[in-house]
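**Student:** here is my input; please provide its structure:
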Amino acid sequence: MKLIYAIVRYDNEDEVINALTKKHYSVTKLATTGGFLKKGNTTLLIGTEAERVQEAIDTIKQECGKRQKITINMPYISGSAMINCATMPMTVEVGGATIFVIDVERYEKT
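**Tutor:** Numbers count the residues shown, from 1 in each chain. Take a look at the predicted model:
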C-alpha cells in the first residue's frame, strides 16, 4: 500500500480530483498554502496499491501539466514611493505538481 501526496495549484484541483475519481481512486483534499509565493494550493492524499501508483501520477501530470501564462507585474506604492514601476507583460510558467509517494506500514478502513 502506498500514500501519494500531490500538491497542486488551486486552479487545477477540480480537474485532478475528477480524473482520479473516475479511475476509482479515493482522494482526500486539504487546502494548503505555498511557502515561497504564499499562493493557495491543494494537497491531495491518495491511498492506493503499489501497482497503481504510476497511473495516478500520470493522471495528475495530465490534468495539471505546466503551461505558459502571460501576466503583468503591476506597480504598488509603499509609503510615498512607488516601488516596482515595470508594467510590461511577462511570460511565466504555471501549473505542475509536487508529488511524494510514501510506503504505508498499516492501513485500516472501518
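**Student:** residue 89: neighbour count?
**Tutor:** 8 (other Cβ atoms under 10 Å). Bear in mind the C-beta positions are built from the backbone N, C-alpha and C, glycine included.
**Student:** residue 7 now?
**Tutor:** 16.
**Student:** once you drop chain neighbours, what's closest to it?
**Tutor:** Spatial nearest neighbour of residue 7, chain neighbours left out: residue 98 (4.3 Å); criterion: Cβ to Cβ, 6 or more residues apart in numbering.
**Student:** then residue 26?
**Tutor:** Nearest non-adjacent residue to residue 26, counting by Cβ to Cβ, 6+ apart: residue 47, 6.0 Å away.
**Student:** so what sits opposite that neighbour in the bridge?
**Tutor:** Applying DSSP bridges to residue 47 gives these bridge partners: residue 3, residue 26.
**Student:** which ones are touching it?
**Tutor:** With contact set as Cβ atoms under 8 Å, 6 or more residues apart in numbering, residue 47 has these partners: 1-4, 26, 104, 107.
**Student:** equivalent analysis for residue 55, please.
**Tutor:** Taking Cβ under 8 Å, 6+ apart, we find residue 55 in contact with residue 23.
**Student:** pLDDT score for it?
**Tutor:** pLDDT, residue 55: 98.
**Student:** low-confidence ranges, the chain, go.
**Tutor:** Where the chain drops to pLDDT under 70, the residues are 35-38, 66-88, 90-95.
**Student:** out of the contacts of residue 47, who has the most neighbours?
**Tutor:** Neighbour counts for those (other Cβ under 10 Å) peak at residue 4, which has 21 neighbours.
**Student:** find the nearest non-adjacent residue to that one, please.
**Tutor:** Per Cβ to Cβ, 6+ apart, closest to residue 4 is residue 46, 4.2 Å.
**Student:** surely the one you found and residue 3 touch.
**Tutor:** Yes: when contacts are counted by Cβ atoms under 8 Å, residue 46 is listed as touching residue 3 (7.2 Å).
**Student:** please consider this matter closed, and thank you.
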